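1. structure for this input, please:
(one chain, ligands or ions: 1)
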Amino acid sequence: MSHSSDPRPMTARRSGALRGVATVPGDKSISHRALILGALSVGETRITGLLEGQDVLDTAKAMAAFGAQVERLGQGEWSVHGVGVGGFSEPEGVIDCGNSGTGVRLIMGAMATTPITATFTGDASLSRRPMARVTDPLALFGAQITAREGGRLPITIEGAADPLPVCYRTPVASAQIKSAILLAGLNVPGETVVIESEPTRDHSERMLAGFGADIRTETTDEGHVITLQGRPELRAQPVAVPRDPSSAAFPVAAALIVPGSEIRVPGVSRNPTRDGLYVTLLDMGADIAFENPREEGGEPVADLLVRHGPLKGVTVPAERAASMIDEFPILSVIAAFAEGATVMNGVAELRVKESDRIDAMARGLEANGVTVEETRDSLTVHGMGRVPGGGMAVTHLDHRIAMSFLVLGLATEAPVSIDDGAPIATSFPDFLPLMQGLGADLG
Ligand code: S3P
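-> Predicted coordinates for the structure are as follows:
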């Protein structure tokens, strides 16, 4: 697991034009949900294209610990025999979610309304992250929660025996909070309602509907209102996981900043709740074509054709933040090669991701000769069209910080090093060979 592996220093060097096809792994958010909903349904869920990153493997292990029969049939191909809504059994050991905020928060939701007790832990990064944002609403259902100081992991949850339905307005835009509440609401009589002011990724809603739950979303004066009818019988479904737009962002960024590059990235999800980076890149003048748009596994997908070209700095509005929340680190790298300032607003949530991503990006970019400014909830990168490089970035157990700085080094004048590339395995285990296959000089 990422928290027990040795640090792996890595370096990226200025590379020649990148060429070829970048086939990125399955979507991480959808992979977690496919395993969890498979475990909560009756019958066999066959999953294809599952991301086999450590985060998702930890969720698969957790589902088995709660009583589902989880089996790997081949590359990305998994079978889950579920136990049905309310059918989780008490796990024997502690549930270790490794580095994964999505894993731990969704699983806590999924078990909080079943009368069993479970204890959750994670690595050093996950143990620093706020969990009260999920355990507070879970307590409203009647779950008993014991957490470490500050609402952090390890956390023990005694699931509610007679859960009450909940109507909850999320205090921050977070699909993890929304999803934890919806998953808890599955085993509750009556309607569970989540209200969010900005829409966040809607994979839980799409997949719950696909598994037969009665769930509806309305946009009202109150905000974005999601209503779930409790105690459905979820029916096992085949799930074809589309490719992850957040992982695609790394080869896409590399092609945009390395002169002469032209790459294709097939079958990437274009779900509008995940599309903010691509909207922003087009604003910056990026040469990206979205070819062959189609639907796969209930999600809109397209093949991306990406070419290097000049880019200009832009202002990213705060309302767009939720739809690109995981892409700000790589956007800051792209912004360093643009002409002019790129201002990222409304990004305070970045401070509580796998690392404080505003701080990690700001320090690493400064170490490589880029001028940045930060406030509590914004980051500005002053692009100069060229980046000196030559610095070391500290990655703080954060896969996206590690990959972002390796991409930076492909187009800087001097090489860029990172202290630890081991966490990349949590979301993109084949990142290195994939990038090397395009002609990137890194390792
Ligand atoms: C995720 C939601 C986002 C995102 C994370 C995956 C999900 O987190 O950063 O990588 O799968 O629901 P928040 O909901 O906390 O913003």
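2. sticking with the residue sitting furthest away from the middle of the chain, tell me its helix or strand.
-> Ranking residues of the chain by C-alpha distance from their mean position (CA atoms, centre = their mean) puts D162 at the top, at 32.3 Å. No secondary structure element spans D162, as it lies outside all helices and strands (assigned by DSSP states H and E).
3. can you pull the contacts of V42?
-> When contacts are counted by CB atoms under 8 Å, 6 or more residues apart in numbering, V42 touches 82, 84, 233-236. No exception for glycine: its C-beta is placed from N, CA and C like everyone else's.
4. quickly find the element holding the closest residue to C167 other than its chain neighbours.
-> Distance criterion CB to CB, 6 or more residues apart in numbering; nearest residue to C167, sequence neighbours excluded, is V193 at 4.1 Å. Counting by DSSP H and E, the element that carries V193 is strand 191-196.
5. now that strand: buried residues?
-> Burial within strand 191-196, assessed by neighbour count using 16 or more other CB atoms under 10 Å, is assigned to 192-196.
6. returning to that earlier point: so how far is G190 from the residue farthest from the centre of the chain?
-> Taken as CB to CB, to the nearest Å, the spacing of D162 relative to G190 amounts to 12 Å.
7. okay, and the beta partners of R148?
-> With DSSP bridges applied, the residues forming beta bridges to R148 are R152.
8. how far away is it from the ligand?
-> With the distance defined as CB to the nearest ligand atom, to the nearest Å, R148 ends up 19 Å from the ligand.
9. go ahead and confirm that residue touches P154.
-> Yes: using CB atoms under 8 Å, R148 makes contact with P154 at a distance of 6.1 Å.
10. quick check: neighbours shared by the two?
-> When contacts are counted by CB under 8 Å, 6+ apart, R148 and P154 are jointly contacted by S127.
11. more neighbours, those two?
-> P154 (16 against 12; other CB atoms under 10 Å).
12. which residue packs closest to that one, ignoring adjacent ones?
-> Distances taken as CB to CB, 6+ apart place T121 nearest to P154, at 4.6 Å, with adjacent residues excluded.
13. same question, E262
-> Using CB to CB, 6+ apart and skipping residues adjacent in sequence, the residue nearest E262 is R307, 4.8 Å away.
14. ramachandran coordinates for that neighbour?
-> According to degrees, to the nearest 10, the main-chain angles of R307 amount to phi -130, psi 150.
15. OK, contacts around it?
-> With contacts taken as CB under 8 Å, 6+ apart, R307 has the following neighbours: 255, 261-262, 287-288.
16. equivalent analysis for A253, please.
-> A253 sits next to 330, 333-334, 404, 407 when contact means CB under 8 Å, 6+ apart.
17. could you redo the last one with a cut-off of 7 Å?
-> With contact taken as CB atoms under 7 Å, 6 or more residues apart in numbering, A253 is in contact with 330, 333-334, 407.
18. just S204 next, same as before
-> Remark: with contacts taken as CB under 7 Å, 6+ apart, S204 is in contact with 33, 178-179, 182.
19. mind doing that once more with 8 Å?
-> With contacts defined as CB under 8 Å, 6+ apart, S204 is in contact with 33, 175, 178-179, 182-183.
20. report pLDDT for it.
-> Note for S204: predicted pLDDT of 97.
21. that one: what's its closest spatial neighbour, skipping adjacent residues?
-> S179 (4.1 Å).
22. A helix includes that neighbour, no?
-> Yes: counting by DSSP: H, G, I helix; E, B strand; the rest coil, S179 falls inside a helix.
23. how near is it to the ligand?
-> For S179, the distance to the ligand under the criterion CB to the nearest ligand atom works out to 6 Å.
24. what's the closest of the contacts of S204 to the ligand?
-> For the contacts of S204, the minimum distance to the ligand (CB to the nearest ligand atom) is 3.5 Å, reached by A175.
25. what is the neighbour count of the closest one?
-> Taking other CB under 10 Å as the criterion, the count of residues near A175 is 24.
26. near the ligand, which residues of the stretch 301-443 of the chain are found?
-> Within the stretch 301-443 of the chain, the positions adjacent to the ligand are 325-326, 349 by CB under 6 Å from any ligand atom.
27. which of these has the most neighbours?
-> Ranked by the number of neighbours (other CB under 10 Å), these place D326 first, at 24 neighbours.
28. tell me the contacts of that one?
-> By CB under 8 Å, 6+ apart, the contact list for D326 reads 246, 353, 400.
29. mind putting those in a markdown table, pLDDT and neighbour count included?
-> Compiled in a markdown table, these are given as follows (pLDDT from 0 to 100; neighbours: other CB atoms under 10 Å):
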| residue | pLDDT | neighbour count |
| --- | --- | --- |
| S246 | 98 | 22 |
| K353 | 98 | 21 |
| R400 | 98 | 28 |
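30. buried ones in stretch 432-443?
-> Of the residues in stretch 432-443, those buried under the neighbour-count criterion (16+ other CB under 10 Å) are 432, 434-435, 437-440, 442.
31. show me what the residue nearest to C167 is bridged to.
-> On DSSP bridges, the residues paired with V193 through beta bridges are C167, T227.
32. and the pLDDT at it?
-> Looking at V193, its pLDDT reads 98.
33. okay, now the domains of the protein?
-> 10-24+242-442, 28-166+175-186 (automatic domain parsing).
34. of the buried residues of strand 191-196, closest to the ligand?
-> Nearest to the ligand among the buried residues of strand 191-196, counting by CB to the nearest ligand atom, is E196 at 10.1 Å.
35. helices of the stretch 201-350 of the chain, residue ranges please.
-> With helices called from DSSP state H, counting those that start in this stretch, the stretch 201-350 of the chain shows them at 203-210, 245-257, 276-283, 328-336.
36. hang on, the earlier thing: show me which of the contacts of R307 are buried.
-> For these, a neighbour count by 16+ other CB under 10 Å gives the buried set as 255, 261, 287-288.
37. pLDDT below threshold where in the protein?
-> Along the chain, the parts satisfying pLDDT under 70 run over 1-4.
38. for T146, what are its contacts?
-> By CB under 8 Å, 6+ apart, T146 lies in contact with 155-156.
39. distance-wise, check it relative to G122.
-> For T146, the distance to G122 under the criterion CB to CB works out to 16 Å.
40. identify the residue spatially nearest to A22, adjacent ones excluded.
-> Spatially, and ignoring its direct neighbours in sequence, A22 is nearest to P251 (3.9 Å; CB to CB, 6+ apart).
41. quick check: that neighbour touching G437?
-> No: no contact is recorded between P251 and G437 when judged using CB under 8 Å, the distance being 9.7 Å.
42. what do these two both touch?
-> The contact lists of P251 and G437 share A22, where a contact means CB under 8 Å, 6+ apart.
43. once you drop chain neighbours, what's closest to the closest residue to the ligand within the stretch 1-150 of the chain?
-> Going by CB to the nearest ligand atom, the ligand is nearest to S29 of the stretch 1-150 of the chain, at 3.2 Å. Distances taken as CB to CB, 6+ apart put H203 closest to S29, at 5.1 Å, once the chain neighbours are dropped.
44. hang on, that neighbour packs against G297?
-> No: checked against CB under 8 Å, the pair H203 and G297 is beyond contact range at 10.2 Å.
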